[in-house]
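Novice: Give me a 3D structure for the following:
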Amino acid sequence: MSQTANLRFAESHEWVRCEGNKATIGISAFAVKELTDLTYVELPAVGKSFKAKQIFGVVESVKAASDLYAPVSGTVTKVNSGLESDLSVLSTDPYGKGWMIEVELASPGEVDQLLDEPAYVKFCASESH
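Specialist: Here you go, the predicted structure:
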């Protein structure tokens, strides 16, 4: 099974992996590739709450700064602080060590509104024209 088979994706290129009421969130390999040369990431503090589609952070590259959008509503329970000193894991392992935040889900059903992997791959293909 691929590393992305159990993920759901937002059209803003964030991914979610759910385990019970906990969701791990990061940005997709497609987003990392499009941004190129990442230079900085700003993530929220533990305890911060977001509604789906609200900005939860920023990732900057040599060419642009991009807002990070929460794909689901929830409260941050864990932050991958290792990213601040080593952004390369976003390129090498975006779905593993490159996770950004963990949240306690406020509305677990929101995950069902996100794209599965085949739909996300199709969406990315249409974006890169």
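Novice: quick check: mean pLDDT across stretch 20-36?
Specialist: For stretch 20-36, mean pLDDT is 94.
Novice: Just the CA trace of the longest helix belonging to the chain, in CSV.
Specialist: Secondary structure of the chain per DSSP state H: the longest helix is helix 117-127. The C-alpha trace of helix 117-127 is given here as CSV (Å, rounded to 0.1, in the frame of the first residue of the first chain):
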residue,chain,number,x,y,z
GLU,A,117,-5.7,10.1,-3.8
PRO,A,118,-7.0,9.3,-7.3
ALA,A,119,-9.2,12.4,-7.3
TYR,A,120,-6.3,14.5,-6.0
VAL,A,121,-3.9,13.2,-8.7
LYS,A,122,-6.5,14.1,-11.3
PHE,A,123,-6.9,17.5,-9.8
CYS,A,124,-3.2,18.2,-9.8
ALA,A,125,-2.9,17.1,-13.5
SER,A,126,-5.6,19.7,-14.4
GLU,A,127,-3.7,22.4,-12.3
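Novice: packing partners for it?
Specialist: Packing partners of helix 117-127 (3 or more CB pairs under 8 Å, 6 or more residues apart in numbering; DSSP states H and E): strand 8-9. The way it works is simple: take the backbone N, C-alpha and C, and place the C-beta from them, glycine included.
Novice: Doesn't Trp15 belong to a strand?
Specialist: Yes: counting by DSSP: H, G, I helix; E, B strand; the rest coil, Trp15 is located in a strand.
Novice: what is it paired to in the beta sheet?
Specialist: Using DSSP bridges, the bridge partners assigned to Trp15 are Phe9, Gly26.
Novice: what does the longest helix of the chain contact?
Specialist: By CB atoms under 8 Å, 6 or more residues apart in numbering, the residues outside helix 117-127 that reach it are 2, 4-5, 7, 9, 11, 28, 30, 115.
Novice: In it, which residues are buried?
Specialist: By 16 or more other CB atoms under 10 Å, the buried positions in helix 117-127 come out as 120, 123-124.
Novice: returning to that earlier point: which of the contacts of helix 117-127 has the most neighbours?
Specialist: Phe9 (24 neighbours; other CB atoms under 10 Å).
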